[in-house]
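A.B. asks: Predicted coordinates and the sequence they were generated for:
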Amino acid sequence: MRTDTPWGSLPAREHLLSGAGRAAGAPVLDVVVPVYNEEKDLEPCVLRLHDHLARTFPYAFRITVADNASTDGTPQVAQRLARTLAGVRSFRLEEKGRGRALRTVWSHSDAPVLAYMDVDLSTDLNALLPLVAPLISGHSDLAIGSRLARSSRVVRGTKREFISRAYNIILRSSLAARFSDAQCGFKAIRREVAQRLLPMVEDTGWFFDTELLVLAERAGLRIHEVPVDWVDDPDSTVHIVRTATEDLKGVWRVGRALAVGALPLDRLARPFGDDPRDRGIGGVPGGLARQLVGFCVVGALSTLFYLALYSLFRLGVGPQIANGGALLVSAVANTSANRRLTFGVRGRGGAVRHQAQGLVVFAIGLALTSGSLAALGAASGAPSHSTELAVLIAANLAATVLRFLLFRAWVFPDRDRGGAATRPAGPVPGPAAEPADDTHHELRNVR
């Protein structure tokens, strides 16, 4: 899995039409239609989509037919449409793979909003403007159509319905995904997000969508969901069993990469202050309120974990050894959880140093709690287990306040989070992103 993204963290979102430098007539939206051996359905699809956009879309648009290695007359149909319809072009790739086609076209497009839809147009086109509007306005980073929303109206067979819902349950349980419909062929993304995200996406087939969404969500990007009306295509050529098998392999691969921190998702983070609510707390340092909430949640859970370990260790050893062992184990877990959840540090960079610093903080907490136990023993001789726990809770509260201050000022200062809090919101220069795979494609742009 590639991790060499060419830029730092993303700039703050802005309205895409507010830039004075935008060329008149330049497309705002590029809708990609990936096809393989679709000579029969391609022309009706493009004509219907072009007519809908011409009538309802208020900005300039482009339709790109991405033909990935068709062996029938699809390339000729695509080229004829590109010659006869304004705003239509065709790309020809010599290798199959929907993900490969989307990555290639999106990487070379100059439109600020990139979308795609399946050639069967199963999704009602009236959802297209609601899909891309949040991206144009600067509200969201990605947008997806959802067939599983309560207000969606879907017509499809029981088999496909079961497979779709089962797949999304797998994503929720294994990858903690919160989006509702990974495989609906109706999605859009802002171009600057695609340029950073595409080099991290490894799949070139049907799992491409899921991998893109999971990485975006884990990076904290905003995904907008649109309920859609959807009618199943009974002539679909998708091989369900083979696709499901490849998807499960992709789930395992991405889950393993996320578990070991192999992806530099911090490079996709929006700068703090992008949300107006983050700037609305006068006199409070940036991020403090959010960090306090995260630290309290992690602290409450780690305290329960610590007390459970102490009670377990206390069955076989004395109070000081039980306290030291329980505090050491819970401190390592606490540092890891706060590193990721409270202070937003992603990836493995600096993890060893953070744990070493966390152990210093642990030593301070150990001194406080051990000193409290020693004082209790000197005062009462043989205190009860409940009294020991009460004293430890009080000592841990004092240690927790000190731990938060040391974590924020020393272990996880702003500079360790990629400078997201201090980096200017303007665009970050860098070279154009290339497709993640190294295969050479023959690209034909027919206007």
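C.D. replies: Thanks, I have it. Numbering: from 1, shown residues only.
A.B. asks: only C-alpha atoms for contact and neighbour calcs from this point on.
C.D. replies: Fine.
A.B. asks: Return the backbone torsion pair for Ala390.
C.D. replies: phi -60, psi -40 (degrees, to the nearest 10).
A.B. asks: roughly how far apart are it and Leu304?
C.D. replies: Applying CA to CA, to the nearest Å, the value for Ala390 to Leu304 is 13 Å.
A.B. asks: which helices and strands does the helix ranked longest in the chain pack with?
C.D. replies: Ranked by number of residues, the top helix in the chain under DSSP state H is helix 351-380. Counting contacts by 3 or more CA pairs under 8 Å, 6 or more residues apart in numbering; DSSP states H and E, helix 351-380 packs against helix 319-337, helix 385-406.
A.B. asks: now the strands: where do they sit in the chain?
C.D. replies: With strands called from DSSP state E, the chain shows them at 29-35, 61-68, 88-93, 113-117, 142-146, 153-155, 186-190, 223-227, 229-231.
A.B. asks: In PDB, list the C-alpha atoms belonging to the first one.
C.D. replies: Once non-C-alpha atoms are left out, strand 29-35 reads as follows in PDB (Å, rounded to 0.1, in the frame of the first residue of the first chain):
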ATOM      1  CA  LEU A  29     -18.300  19.000 -12.500                       C
ATOM      2  CA  ASP A  30     -16.700  16.000 -14.300                       C
ATOM      3  CA  VAL A  31     -19.000  13.000 -14.300                       C
ATOM      4  CA  VAL A  32     -17.100   9.800 -15.200                       C
ATOM      5  CA  VAL A  33     -19.000   6.800 -16.600                       C
ATOM      6  CA  PRO A  34     -16.700   3.700 -16.400                       C
ATOM      7  CA  VAL A  35     -17.600   1.100 -19.000                       C
END
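A.B. asks: Just checking: what are the partner strands of it?
C.D. replies: strand 61-68 (parallel), strand 113-117 (parallel) (DSSP bridges).
A.B. asks: And the contacts of that strand?
C.D. replies: By CA atoms under 8 Å, 6 or more residues apart in numbering, the residues outside strand 29-35 that reach it are 42, 59-68, 70, 74, 98, 101-102, 105, 109, 111-119.
A.B. asks: now swap in the second one and tell me
C.D. replies: Counting by CA under 8 Å, 6+ apart, strand 61-68 makes contact with 26-36, 46, 50, 53, 74-75, 78, 87-98, 101-102, 105, all of which sit outside it.
A.B. asks: Where does the prediction get shaky in the stretch 101-250 of the chain?
C.D. replies: For the stretch 101-250 of the chain, the stretches with pLDDT under 70 are 234-240.
A.B. asks: what do you get if the cut-off is 90, keeping everything else the same?
C.D. replies: Scanning the stretch 101-250 of the chain with the threshold set as pLDDT under 90 gives 120, 148-150, 154-178, 180-185, 206, 218-220, 230-248.
A.B. asks: which residues in the protein form helices?
C.D. replies: 42-56, 74-84, 98-108, 128-137, 158-175, 191-197, 208-218, 240-259, 288-313, 319-337, 351-380, 385-406.
A.B. asks: hey, which of the ones you listed is tucked in deepest?
C.D. replies: helix 98-108 (a mean of 23; mean count of other CA atoms under 10 Å).
A.B. asks: hang on, the earlier thing: and the longest helix of the chain, how far out from the chain's middle?
C.D. replies: 37 Å (CA atoms, centre = their mean, to the nearest Å).
A.B. asks: repeat for stretch 324-338
C.D. replies: Centroid separation for stretch 324-338 versus its chain: 28 Å, with CA atoms, centre = their mean.
A.B. asks: Using PDB, list the CA coordinates for that stretch.
C.D. replies: Only the C-alpha atoms of stretch 324-338 are listed here, as PDB (Å, rounded to 0.1, in the frame of the first residue of the first chain):
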ATOM      1  CA  GLY A 324       2.600  -0.700  40.000                       C
ATOM      2  CA  GLY A 325       1.700  -3.500  37.600                       C
ATOM      3  CA  ALA A 326      -1.800  -2.300  37.000                       C
ATOM      4  CA  LEU A 327      -0.700   1.300  36.500                       C
ATOM      5  CA  LEU A 328       2.000   0.300  34.000                       C
ATOM      6  CA  VAL A 329      -0.300  -1.700  31.800                       C
ATOM      7  CA  SER A 330      -3.100   0.900  31.900                       C
ATOM      8  CA  ALA A 331      -0.600   3.700  31.300                       C
ATOM      9  CA  VAL A 332       0.600   2.100  28.000                       C
ATOM     10  CA  ALA A 333      -3.000   1.700  26.900                       C
ATOM     11  CA  ASN A 334      -3.900   5.200  28.000                       C
ATOM     12  CA  THR A 335      -1.100   6.800  26.100                       C
ATOM     13  CA  SER A 336      -2.000   4.900  22.900                       C
ATOM     14  CA  ALA A 337      -5.700   5.800  23.200                       C
ATOM     15  CA  ASN A 338      -5.000   9.500  24.000                       C
END
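A.B. asks: The residue lying closest to Val193 once chain neighbours are set aside: neighbouring residues, count only.
C.D. replies: Nearest residue to Val193 in three dimensions, chain neighbours excluded: Asp141, at 6.7 Å (CA to CA, 6 or more residues apart in numbering). Asp141 has 25 neighbours, counted by other CA atoms under 10 Å.
A.B. asks: thinking again about what came up before, could you point out which of the strands of the chain sits nearest Leu288?
C.D. replies: strand 223-227 (24.9 Å; CA to CA).
A.B. asks: Go through that closest one and flag the buried ones.
C.D. replies: Buried residues in strand 223-227, counted by 16 or more other CA atoms under 10 Å: 223-227.
A.B. asks: Closest to Phe412 out of those?
C.D. replies: Nearest to Phe412, judged by CA to CA, of the buried residues of strand 223-227 is Ile223 at 27.5 Å.
A.B. asks: That closest one bridge partners, please.
C.D. replies: With DSSP bridges as the rule, Ile223 is bridged to Leu142.
A.B. asks: Does it touch His139 like I think?
C.D. replies: No: using CA atoms under 8 Å, Ile223 makes no contact with His139, being 9.5 Å away.
A.B. asks: closest one to Leu265 among the helices of the chain?
C.D. replies: helix 208-218 (7.3 Å).
A.B. asks: which other helices and strands contact that closest one?
C.D. replies: When contacts are defined as 3+ CA pairs under 8 Å, 6+ apart, helix 208-218 sits against helix 98-108, helix 191-197.
A.B. asks: Which residues does it contact?
C.D. replies: If you take CA under 8 Å, 6+ apart as the criterion, helix 208-218 is touched by 98-99, 175, 177, 182-183, 197-198, 201-203, 222-223, 250, 254, 265, 268.
A.B. asks: go again using 7 Å as the cut-off
C.D. replies: 99, 177, 182-183, 201 (CA atoms under 7 Å, 6 or more residues apart in numbering).
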